[in-house]
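dropping the sequence and predicted coords here.
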Number of protein chains: 2
Amino acid sequence: MEKPLILVTNDDGITAPGIRALIKVMNKLGTVCVVAPDSPQSGMGHAITVNDTLYCDAVVVDKDAPQKEYRCSGTPVDCVKLAVNEILGRKPDLCVSGINHGSNSSINVLYSGTMSAAVEAGTQGIPSIGFSLLDYSLEADFEPVLEHVEILAKQCLEHGLPTGVVLNVNFPKVSKEGIKGIKVCRQADAHWVERFDKRVNPLGREYYWLSGDFVNNDKGEDTDEWALANDYISVVPVQFDMTAYQALNQLNNWNFSQ
Amino acid sequence: MEKPLILVTNDDGITAPGIRALIKVMNKLGTVCVVAPDSPQSGMGHAITVNDTLYCDAVVVDKDAPQKEYRCSGTPVDCVKLAVNEILGRKPDLCVSGINHGSNSSINVLYSGTMSAAVEAGTQGIPSIGFSLLDYSLEADFEPVLEHVEILAKQCLEHGLPTGVVLNVNFPKVSKEGIKGIKVCRQADAHWVERFDKRVNPLGREYYWLSGDFVNNDKGEDTDEWALANDYISVVPVQFDMTAYQALNQLNNWNFSQ
């Protein structure tokens, strides 16, 4: 049987330790092609490059490794579009994104370039998983989670995913032995409360740094936040039909003809 | 009774005709504050500025108009965060985004800076509407849709919106008389098929322009695409809990312990 074709991307950039670890695992499962940003793209969400040009060049990062690699000047979503339509010549059998340096649980799914790459692949009918580790450090240790990455990718290759669904997988920052297992969860109802750090530049002009606090008021034990706080791996099925079906009736009671 | 406080933003930039038209309508309904990008931010999705500084300066665009205005160097989502946390001093009673020059129907909700601004306000508990006109031209005529913008904003101020829901409103490009009415819809199951225009720069390096075709295979007459194609205004309730609840059971049947 032909080996599956696996597209690997991320939002931390093609040289980030997280994607290098992910590539090594995927080389065990199939033929790997990497198309990833040439620079960090954290917080890019589902951005695409519409008013600028895109560069995408073949590059060798690991001299003796089997995968083909391309570095792209665009966003994570641009990487997936370029990969599928220009580089691979066919739809891959799986797209994996990450492993992100830092959490993409709960509402962070909206801001995450890692997850938006996975969602983009999903919109094109490709089974797709975004992986994130709850450690923002560039020196984060991915070793404890690699066997779980492999299991999840294998299961996805074997079973596929329901139409219109991709997976958001987050790993707690604990030792290999500390991981209690995998929980299929819903997205916790949490949000960010911003704090802007206001400063003055050398020319006397005020500017801001975006900062903030993550606030989770959702006490449910079926959420990704609960799972991660209790040392479980969280797996949230994510859909990109954003229709709030439960709200259709209520809106039909509005008076549109004033 | 105190007038409602209305935050206005967009993704085409603070001087775009679409936002100028929207501001005029909102001045009839409340106290308006504009916080919008200083340059076009189309296709920015839910991007936020995490690795760079943000400028946000008071500016006068309409000399004799009552609204306060601020132009921001960041994305539409940055604008909402800055407005709520730094500029307004309290949550506005309504956030409106647009009127976008071009469609944000169906899957475009993912890529749209206009809609991401509305979604961001929604995550902060603010009733919020994104408005878009199916005309990409900078000379687009917004006049035919302004009375409907007013009706929808009024209804939203009066009824509020269900928790976790914002509205995605798209207007067909037809005359005032040609608009058949308002339809509450679901997001059509459509997607983009990319075409990359490959060129060579003056230094001999290959680059791409992202382009593509919108493909709608969804024949449902309850979708936004159907409504717009039949000269109705489409109103889609959009949620930001992206959990695919219908997939939870299926995933629990996976074998996570290989």
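Structure received.

show me where chain A has strands.
Using DSSP state E, the strands of chain A run over A:5-9, A:31-37, A:56-58, A:68-72, A:94-101, A:128-133, A:165-171, A:181-184, A:190-200, A:206-216, A:232-239.

could the ones you listed be laid out in TSV, adding distance to B:Cys156, mean pLDDT and mean neighbour count?
C-betas here are computed from N, CA, C, even on glycine. Formatted as TSV, those follow (distance: least, CB to CB, whole Å; pLDDT from 0 to 100; neighbours: other CB atoms under 10 Å in any protein chain shown):
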stretch	distance to B:Cys156	mean pLDDT	mean neighbour count
strand A:5-9	38	98	26
strand A:31-37	38	98	25
strand A:56-58	43	95	15
strand A:68-72	40	97	21
strand A:94-101	36	97	29
strand A:128-133	33	98	29
strand A:165-171	30	98	28
strand A:181-184	35	96	19
strand A:190-200	20	92	15
strand A:206-216	25	92	15
strand A:232-239	25	98	24
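
turn these into a markdown table, including distance to chain B.
Below are the strands of chain A laid out as a markdown table (distance: least, CB to the nearest CB, whole Å):
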| stretch | distance to chain B |
| --- | --- |
| strand A:5-9 | 14 |
| strand A:31-37 | 12 |
| strand A:56-58 | 7 |
| strand A:68-72 | 9 |
| strand A:94-101 | 13 |
| strand A:128-133 | 11 |
| strand A:165-171 | 4 |
| strand A:181-184 | 4 |
| strand A:190-200 | 4 |
| strand A:206-216 | 4 |
| strand A:232-239 | 4 |
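
got those strands as TSV, with distance to B:Met44 columns?
Shown next, in TSV, are the strands of chain A (distance: least, CB to CB, whole Å):
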stretch	distance to B:Met44
strand A:5-9	19
strand A:31-37	15
strand A:56-58	20
strand A:68-72	17
strand A:94-101	19
strand A:128-133	20
strand A:165-171	21
strand A:181-184	32
strand A:190-200	18
strand A:206-216	15
strand A:232-239	20
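
so A:Ile14 touches A:Ala36, yeah?
Yes - checked against CB atoms under 8 Å, the pair A:Ile14 and A:Ala36 is within contact range at 4.0 Å.

give me the common contacts of these two.
Residues touching both A:Ile14 and A:Ala36 by CB atoms under 8 Å, 6 or more residues apart in numbering or on different chains: A:69, A:71.

who in the stretch 1-150 of chain A is up against chain B?
A:40, A:42-51, A:53-56, A:74-75, A:77-78, A:81-82, A:84-86, A:107, A:109-111, A:116, A:119-120, A:123-124, A:148 (CB under 8 Å from any CB of the partner chain).

who are the contact partners of A:Val238?
Counting by CB under 8 Å, 6+ apart, A:Val238 makes contact with A:109, A:115, A:118-119, A:122, A:165-168, A:187, B:242-244.

how about the spatially closest residue to A:Leu29 that is not a sequence neighbour, what does it touch?
Among residues not flanking A:Leu29 along the chain, A:Ala153 sits closest, at 5.8 Å (CB to CB, 6 or more residues apart in numbering or on different chains). A:Ala153 makes contact with A:6, A:25-26, A:29, A:94, A:96, A:129 under the criterion CB under 8 Å, 6+ apart.

one more time with 10 Å
Residues counted as contacts of A:Ala153 (CB atoms under 10 Å, 6 or more residues apart in numbering or on different chains) are A:4, A:6, A:22, A:25-26, A:28-30, A:94, A:96, A:127, A:129, A:131, A:167, A:169.

just those residues now: which is nearest B:Asn100?
A:Leu167 (31.1 Å; CB to CB).

kindly check the end-to-end length of stretch A:213-228 for me.
17 Å (CA to CA, to the nearest Å).

got the buried residues for that stretch?
By 16 or more other CB atoms under 10 Å in any protein chain shown, the buried positions in stretch A:213-228 come out as A:216, A:218, A:223-228.

for chain A, which helix is longest?
helix A:146-159 (DSSP state H).

I'd guessed A:Ala121 sits against A:Pro127; true?
Yes - with contacts counted by CB atoms under 10 Å, A:Ala121 reaches A:Pro127, the gap being 8.0 Å.

residues shared between the contacts of those two?
In contact with both A:Ala121 and A:Pro127: A:91-92, A:94-96, A:166, using CB under 10 Å, 6+ apart.

and for the residue nearest to A:Gly30 when sequence neighbours are not counted, the neighbour number?
Spatially, and ignoring its direct neighbours in sequence, A:Gly30 is nearest to A:Pro4 (3.8 Å; CB to CB, 6+ apart). For A:Pro4, the neighbour count with other CB atoms under 10 Å in any protein chain shown is 16.

now swap in A:Thr163 and tell me
Neighbours of A:Thr163 (other CB under 10 Å): 11.

so how far is chain B from it?
Remark: distance between A:Thr163 and chain B (CB to the nearest CB, to the nearest Å) = 9 Å.

ok, that residue - contacts?
Contacts of A:Thr163 were listed using CB under 10 Å, 6+ apart, and they are A:122, A:125, A:239, B:189, B:244, B:247.

ok, A:Val109 touching B:Ala244?
No - with contacts counted by CB under 10 Å, A:Val109 stays clear of B:Ala244, the gap being 11.7 Å.

between the two, what contacts are shared?
Joint contacts of A:Val109 and B:Ala244 (CB under 10 Å, 6+ apart) are A:187, A:236, A:238.

ok, for the first one, nearest residue in space, not its chain neighbours?
If I follow you right, that is A:Gln187. In space, A:Gln187 is closest to B:Thr243, 4.6 Å off (CB to CB, 6+ apart).
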